[in-house]
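Visitor: return a 3D structure for these sequence lines:
(one chain, ligands or ions: 2)
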Amino acid sequence: MITVDEALAELFALVTVAETETVPLDRAAGRVLAADVTALRDQPPFPASAMDGYAVKADEVRPGATFRVVGESAAGHGYDGNVGAGEAVRIFTGAPVPEGADRVVIQEDTARDGDTIVLQDDLDPQVYVRPAGGDFRAGSVVQAPRRLGPQDVALLAAMNIADVPVRRRPVVALIATGDELVMPGETPSRDQIIASNSFGLKAMLDAAGAEARLLPIARDNLPSLRTAFTLAADADLIVTIGGASVGDHDLVAPAAEEMGLDRSFYKVAMRPGKPLMAGHMGGSTLIGLPGNPVSSMVCGQVFLLPVLRAMLGLGTGPAPRLQRPLDADIGQNGPREHYMRAKLSAGGIAPYDRQDSSLLTVLAAADALLVRPPHDGPRRAGEMVDYIPL
Ligand SMILES: Nc1nc2c(c(=O)[nH]1)N[C@H]1C(S)=C(S)[C@@H](COP(=O)(O)OP(=O)(O)OC[C@H]3O[C@@H](n4cnc5c(N)ncnc54)[C@H](O)[C@@H]3O)O[C@H]1N2
Ligand code: MOO
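Guide: Ligands and ions are numbered 1, 2, ... in the order given. Presented below is the predicted three-dimensional model:
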């Protein structure tokens with residue numbers, strides 16, 4: 001058995017970074033920027049008013065000063081003239097501050113009578129002019145790689161970037177295996193259950209930037225598994241679920257080997273998730289996950305998400321960990337790295353009592369995986385432990 005870190009290193013060696021494609025800006029959220037993008041203009045492109053009021057010369061502003069209103073500057077319709085001594089231009093938020101003016105007096109600080117304004121006594125001291133390029137300059141760079149959030153999309157729009165270079169979403173084919181499985185909504189026979197982790201993994205992968213496809217459930221026989229692998233052949237990553245252990249009906253590895261799997265490892269010293277395997281098959285990377293629902297979802301967090309990040313060009317690193325003090329004592333860990341379903345409290349963390357790898361209710365209630373190194377000794381409440389937030 002290899003360690004989790006060794007398995008991750010093997011997995012990173014199996015995958016390549018997805019190509020670049022260009023998407024319209026309104027499709028760019030959640031995608032990973034593949035190349036640096038450069039602003040095509042200054043923002044604001046002119047000195048702009050931050051308030052509704054009057055644009056004047058700053059050195060003329062004092063209580064009681066009067067100005068003659070000579071024109072108007074609105075957003076989208078600036079004032080073409082120059083603001084001279086004793087003159088004011090009516091101005092609105094976002095409008096260009098006209099030549100000659102360098103301060104905006106908010107309208108609350110003025111009294112207007114016809115074409116004349118008088119400044120009040122208690123003047124707001126702020127200038128209310130946003131300098132040209134105060135947000136960004138033409139040539140400012142948004143650096144790749146970067147997962148684009150809504151804020152980034154807004155910034156790119158302001159930079160006049162209509163089309164964005166992003167990484168292609170890696171296609172992940174998910175193959176649930178087992179004679180006992182039916183799809184949600186179907187009527188199971190007496191000995192059957194509903195396929196669950198394939199749906200959980202699709203949700204996990206899609207949210208992280210993959211295009212995950214649920215293939216038809218493969219049955220526990222070689223022809224059915226062959227068919228599933230054939231259907232999956234154009235995927236970047238093929239993920240099988242179940243059939244990975246040592247039982248008579250665990251046929252994923254034999255079927256994959258028959259179809260040319262070049263296996264790089266089998267079995268990882270972790271709990272849950274021990275019977276994990278991976279390798280190249282045709283043009284795809286294959287990762288075989290154990291079938292127990294919690295095992296496969298934990299392997300999704302520990303392996304699939306980091307592998308997907310690598311494919312998206314976001315670098316090769318393990319699932320990010322945080323630290324917290326234990327809320328309760330915990331006993332000695334065994335020889336495998338243990339990912340315990342755990343609950344976060346206000347300042348601490350505690351594992352659930354029930355850790356069987358079939359318990360989806362416990363996983364759904366958990367908000368963290370408490371990570372225990374192999375052979376970690378007993379730990380007391382208050383000691384710091386690692387966890388992966390869920
Ligand atoms: N003699 C041994 N038996 C087992 C070992 C071992 O080392 N020696 N390892 C155990 C561990 S650890 C795990 S994990 C499981 C993994 O087994 P498989 O990957 O072969 O998974 P299956 O046997 O196909 O299924 C296990 C369990 O999960 C259910 N399952 C499978 N797929 C799904 C799905 N898509 N949705 C919902 N549930 C699913 C399946 O019905 C089984 O209950 O092996 C142990 N045994
Ligand atoms: O992966 Mo097995 O579930 O270690 O429980």
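
Visitor: enumerate the residues of the stretch 151-300 of the chain near ligand 2.
Guide: 271-274, 290, 292, 295 (CB under 6 Å from any ligand atom). In this view, the C-beta of every residue, glycine as well, is placed from N, C-alpha and C.

Visitor: any idea which of those residues has the most stuff around it?
Guide: G273 (29 neighbours; other CB atoms under 10 Å).

Visitor: that residue reaches S295, doesn't it?
Guide: Yes - judged on CB atoms under 8 Å, G273 makes contact with S295 at a distance of 4.8 Å.

Visitor: quick check: neighbours shared by the two?
Guide: L289 (CB atoms under 8 Å, 6 or more residues apart in numbering).

Visitor: can you show me the helices along the chain?
Guide: All helices of the chain, identified by DSSP state H, fall at 4-14, 150-158, 197-207, 222-231, 252-258, 293-299, 305-311, 360-365.

Visitor: okay, the second one in PDB with CA atoms only?
Guide: To tie it back to what came earlier, the one meant is helix 150-158. Extracted C-alpha coordinates of helix 150-158, given in PDB (Å, rounded to 0.1, in the frame of the first residue of the first chain):
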ATOM      1  CA  PRO A 150     -18.700  37.000 -10.100                       C
ATOM      2  CA  GLN A 151     -16.400  39.800  -9.000                       C
ATOM      3  CA  ASP A 152     -13.800  38.900 -11.600                       C
ATOM      4  CA  VAL A 153     -16.500  38.800 -14.300                       C
ATOM      5  CA  ALA A 154     -17.500  42.300 -13.400                       C
ATOM      6  CA  LEU A 155     -13.900  43.500 -13.500                       C
ATOM      7  CA  LEU A 156     -13.300  41.800 -16.900                       C
ATOM      8  CA  ALA A 157     -16.500  43.500 -18.300                       C
ATOM      9  CA  ALA A 158     -15.300  46.900 -17.100                       C
END
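
Visitor: got the buried residues for it?
Guide: Buried residues in helix 150-158, defined by neighbour count with 16 or more other CB atoms under 10 Å: 152-153, 155-156.

Visitor: tell me which two of those sit farthest apart.
Guide: With CB to CB as the measure, no two of the buried residues of helix 150-158 lie farther apart than V153 and L155, at 7.3 Å.

Visitor: any idea how many residues pack against D102?
Guide: Residues within reach of D102, counting by other CB under 10 Å, total 16.

Visitor: go ahead and confirm E87 touches T66.
Guide: No - the criterion here is CB under 8 Å, and E87 misses it with T66 at 10.7 Å.

Visitor: picking that back up, including pLDDT, could the residues of the stretch 151-300 of the chain next to ligand 2 go into a markdown table?
Guide: Formatted as a markdown table, these follow (pLDDT from 0 to 100):
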| residue | pLDDT |
| --- | --- |
| R271 | 97 |
| P272 | 97 |
| G273 | 95 |
| K274 | 95 |
| P290 | 96 |
| N292 | 96 |
| S295 | 97 |
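
Visitor: please flag which of these sit within strands.
Guide: Counted as lying in strands by DSSP state E, out of these, are R271.
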